[in-house]
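Trainee: sequence plus the predicted model coming up.
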Amino acid sequence: MKNYKSAYARHVLLSFAIMALLAPSSLVRAQSPTTSATSIALSTSTSTYGSLVVIIATVSPTVPNGETITFYANGVPIGIGTTLGGGAALTTTSLPVGTDQITASYAGDAYYTTSTSAAIAEAVGPAPTSTSVTLSASTSTYGVPVVVIATVSPTVPNGETVEFYANGAPIGTGVTTGGVATLATNMLPSGTDQITASYAGDADYATSSTAAIAETVRSAPTSTSVALSTPTSTYGSSVVVTATVSPAVPNGETVTFYDNGVPLGTGTTTEGVATLSTTALPSGTDQITASYVGDANHTTSTSITEKVDRAPTSTSVTLSTQNSTYGSLVVIVATVSPTIPKGEAVTFYDNGIRIGTKNASGGVAVLSITALPIGTDQITASYSGDANYATSTSDAVAETVIPEPSTTIVPATSTAHATTTILPTQGADPSMPIAKRADPSLPVAVPMTVGIAVAIAVGLTYYNSRKRRWQ
């Protein structure tokens, strides 16, 4: 029995031992995670923005494959790697410019604790850039747009500034799109211009400037046209001459105006237009031209014909009297308007027959005459004109001239012993009957023509009676 118990005890103890060997881990006393340590190394300690940097993290002891390691720059996550053989690597081109503190952190698992590396410094400088420039045309004309294209490498962010220059002087700016900035300009000065572009840079990209490229710019051909306030004018009237230079030249440029090649005056441009107001255009067909003197960038001139007619005149006549006696003085005054130059000739006419010529003074010519014929005379005056003033003739003004008054004594006939005095009545109508007096010894007033006829008749009667006696 004792042996049986002893054998049984040995069997139980062996069963527990087997069970202990085969028991699940939960039944085994729990074990603490293994402490890990993480370290890093860099492919380079100095780099430039955008260049490739490799960061290598190693965890000790060796942790299982596929474990996670997070990489940091200045405490900011920059990427994640997974372990392989206890290590993980991260390649990056996005380290910011400056001295970056690089670390790596192992996340740990059930068997290994988390761990973070000590920081290693990485000095990152701005990325070097290069800028090149091209032109839409290597030869152009002043005022014609030229496109200047600047390309920055490596490609910089959009919206970056590029400044353009001609011969070192700024001509404008452009902003980058996909690393390219453009400027269209029509202000390149005439001559051979050296065109450059300069990229301003930013925190991550260094500045850069292009080599110069030549642009040959010709002076702009210009045309000058002339417009007149009136294409036909009269001497002494104001004419405004307007010159327009195309393309529009800078303000303050000089335009000289000419008449038949003789300078009239000058004007200065405002937005390409210059004007001159003149009253000095001579009569005739004047060739008006305008000459733009040009500058470093412009040239030329053109002309137009301006016809200037002689100034029209009018002549009027006045008389000192419109009723006169033959042989008496009559003063004829001719007035020419507008006032003509002193010494100009005015000719006077009576019934179309020239009766004299006088020179004007202050636009007035005066003729004094005593030889106007008896009757109704039509008096006119004619101004002969000159280079600047047109001819003109006055309307006719009537002057009535009667014979000089006289007295005729008619002797009495044999049948009539009274003495009759015939007096001409000035201005009387010849058809009017003779006014007889009651007293035959008194004079009888009769019309002059009738008186003459009566005197002749009486004279003939007296002569015939005496002739018969003589026989």
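Mentor: It's in. Remember, predicted model here, so these are calculated numbers, not experimental data.
Trainee: on the C-terminal side of the host helix or strand of Ile149, identify the next helix or strand.
Mentor: Element membership for Ile149, per DSSP states H and E: strand 146-153. The helix or strand immediately downstream of strand 146-153 is strand 161-166, counting by DSSP H and E.
Trainee: now that next one, how far from the chain's geometric center?
Mentor: 29 Å (CA atoms, centre = their mean, to the nearest Å).
Trainee: give me the sheet partners of it and which way each runs.
Mentor: Strand pairing for strand 161-166, using DSSP bridges, gives strand 169-175 (antiparallel), strand 191-199 (antiparallel).
Trainee: redo the ones you listed as CSV? Include mean neighbour count.
Mentor: For glycine as for every other residue, the C-beta is placed from the backbone atoms N, C-alpha and C. Converted to CSV, the strands paired with strand 161-166 look like this (neighbours: other CB atoms under 10 Å):
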stretch, mean neighbour count
strand 169-175, 14
strand 191-199, 20
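Trainee: these: which one's closest to Glu215?
Mentor: Comparison of these against Glu215 by CB to CB identifies strand 191-199 as nearest, at 4.6 Å.
Trainee: after that closest one comes which helix or strand?
Mentor: strand 208-209.
Trainee: parallel or antiparallel, which strands does the helix or strand just after that next one pair with?
Mentor: Beyond strand 208-209 on the C-terminal side, the first helix or strand identified by DSSP H and E is strand 213-218. Strand pairing for strand 213-218, using DSSP bridges, gives strand 139-141 (parallel), strand 191-199 (antiparallel).
Trainee: buried residues in strand 213-218?
Mentor: Ile213, Glu215, Val217 (16 or more other CB atoms under 10 Å).
Trainee: how far does whichever helix or strand comes after it sit from the chain's center?
Mentor: Downstream of strand 213-218, the first helix or strand assigned by DSSP H and E is strand 223-228. Centroid separation for strand 223-228 versus its chain: 13 Å, with CA atoms, centre = their mean.
Trainee: circling back to that earlier point, closest one to Pro341 among the strands paired with strand 213-218?
Mentor: Proximity to Pro341, assessed across the strands paired with strand 213-218 by CB to CB, is greatest for strand 139-141 (52.8 Å).
Trainee: distance-wise, check the closest residue to Ala127 other than its chain neighbours relative to Gly362.
Mentor: The shortest distance from Ala127 to any residue other than its chain neighbours is 4.2 Å, reached at Tyr49 (CB to CB, 6 or more residues apart in numbering). As for Tyr49, its distance to Gly362 is 95 Å (criterion: CB to CB, to the nearest Å).
Trainee: could you dump the strands paired with strand 161-166 to a markdown table with distance to Gly66 and mean pLDDT?
Mentor: Shown next, in a markdown table, are the strands paired with strand 161-166 (distance: least, CB to CB, whole Å; pLDDT from 0 to 100):
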| stretch | distance to Gly66 | mean pLDDT |
| --- | --- | --- |
| strand 169-175 | 47 | 97 |
| strand 191-199 | 45 | 97 |
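Trainee: dump those strands to CSV, plus distance to Glu160.
Mentor: Output for the strands paired with strand 161-166, formatted as CSV (distance: least, CB to CB, whole Å):
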stretch, distance to Glu160
strand 169-175, 7
strand 191-199, 7
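Trainee: nearest to Ile353, of the ones you listed?
Mentor: From those, taking CB to CB, the stretch that ends up closest is strand 191-199, at 78.2 Å.
Trainee: neighbouring contacts of that closest one?
Mentor: Under the contact criterion CB atoms under 8 Å, 6 or more residues apart in numbering, strand 191-199 has outside partners 129, 131, 133, 135, 148, 150, 152, 156, 160-168, 181, 188, 205, 207-217, 296.
Trainee: can you turn the buried part of these into a PyMOL selection?
Mentor: Command for PyMOL, covering only those of these found buried under the criterion 16+ other CB under 10 Å:
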select buried, resi 129+131+133+135+148+150+152+156+160+162+163+164+165+166+181+188+205+208+209+210+212+213+215+217
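Trainee: list the buried residues in stretch 111-126.
Mentor: For stretch 111-126, burial by neighbour count (16+ other CB under 10 Å) applies to Tyr112, Ser115, Thr116, Ser117, Ala119, Ile120, Glu122, Val124, Pro126.
Trainee: and for stretch 374-384?
Mentor: Asp377, Ile379, Thr380, Ala381, Ser382, Tyr383.
Trainee: over to stretch 275-293?
Mentor: Those would be Thr275, Leu276, Leu281, Ser283, Asp286, Ile288, Thr289, Ala290, Ser291, Tyr292, for stretch 275-293 by 16+ other CB under 10 Å.
Trainee: start to end distance for it?
Mentor: 15 Å (CA to CA, to the nearest Å).
Trainee: Glu344 and Ser382 touch, don't they?
Mentor: No - the criterion here is CB atoms under 8 Å, and Glu344 misses it with Ser382 at 11.6 Å.
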